[in-house]
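Predicted model follows, preceded by the sequence.
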Amino acid sequence: MKVNVEIDCTPEEARRFLGLPDLRPMQDAVMAKLQQQMLDAVNVLSPEALLKTWMPLAPQTPEQMRDAMASMFRMFTPGGGTGKPGQG
């Protein structure tokens, strides 16, 4: 003898009917934590964070960068930044 029973219900209704626990709150909490970890990982890979990690002695502010570039340009200009061409 063969018996086929078809039940048309949603997964949530089947879970309640069988007495299984609702895992939705736990899944939401895990997904929120995973999302936060992914966002933190993306922030670590930002260009600013990578620059600070790879080059800790590099200028960190725009003013420091401007001063460093001005100093570098003075080094390579004739006169070495003394203001007198041809001396250096």
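Yep, that arrived. Numbering: from 1, shown residues only.

helices and strands around the least confident helix or strand in the chain by mean pLDDT, which ones?
Within the chain, judged by mean pLDDT, DSSP states H and E, the helix or strand with the poorest mean is helix 47-54; its value is a mean of 75. Here helix 47-54 touches no other helix or strand, going by 3 or more C-beta pairs under 8 Å, 6 or more residues apart in numbering; DSSP states H and E. C-betas here are computed from N, CA, C, even on glycine.

so where's this structure shaky on pLDDT?
56, 58-60, 79-88 (pLDDT under 70).

what about M65, how many neighbours?
The burial count assigned to M65 is 12, neighbours taken as other C-beta atoms under 10 Å.

what about it, is that helix, strand or coil?
helix (DSSP: H, G, I helix; E, B strand; the rest coil).

Now do the longest helix out of those in the chain against helix 47-54, angle only.
The single longest helix within the chain, with elements called by DSSP state H, is helix 24-44. Angle, helix 24-44 to helix 47-54, by axes from the mean of the first three to the mean of the last three C-alpha atoms, to 10 degrees: 70 degrees.

Just give me how far the least confident helix or strand of the chain sits from the chain centre.
In terms of C-alpha atoms, centre = their mean, to the nearest Å, the centre of helix 47-54 is found 12 Å from the chain centre.

What of stretch 39-53?
6 Å.

And T10, how far from L45?
40 Å (C-beta to C-beta, to the nearest Å).

Also S71?
30 Å.

Same check on E6?
51 Å.

Which of the two has more residues huddled nearby?
Neighbours were counted for E6 and for L45 using other C-beta under 10 Å; L45 has more, 9 against 4.

Centre-most residue in the protein?
V42 (1.3 Å; C-alpha atoms, centre = their mean).

For that residue, give me its contacts.
For V42, no residue meets the contact criterion (C-beta atoms under 8 Å, 6 or more residues apart in numbering).

if we go to 10 Å?
A49 (C-beta atoms under 10 Å, 6 or more residues apart in numbering).
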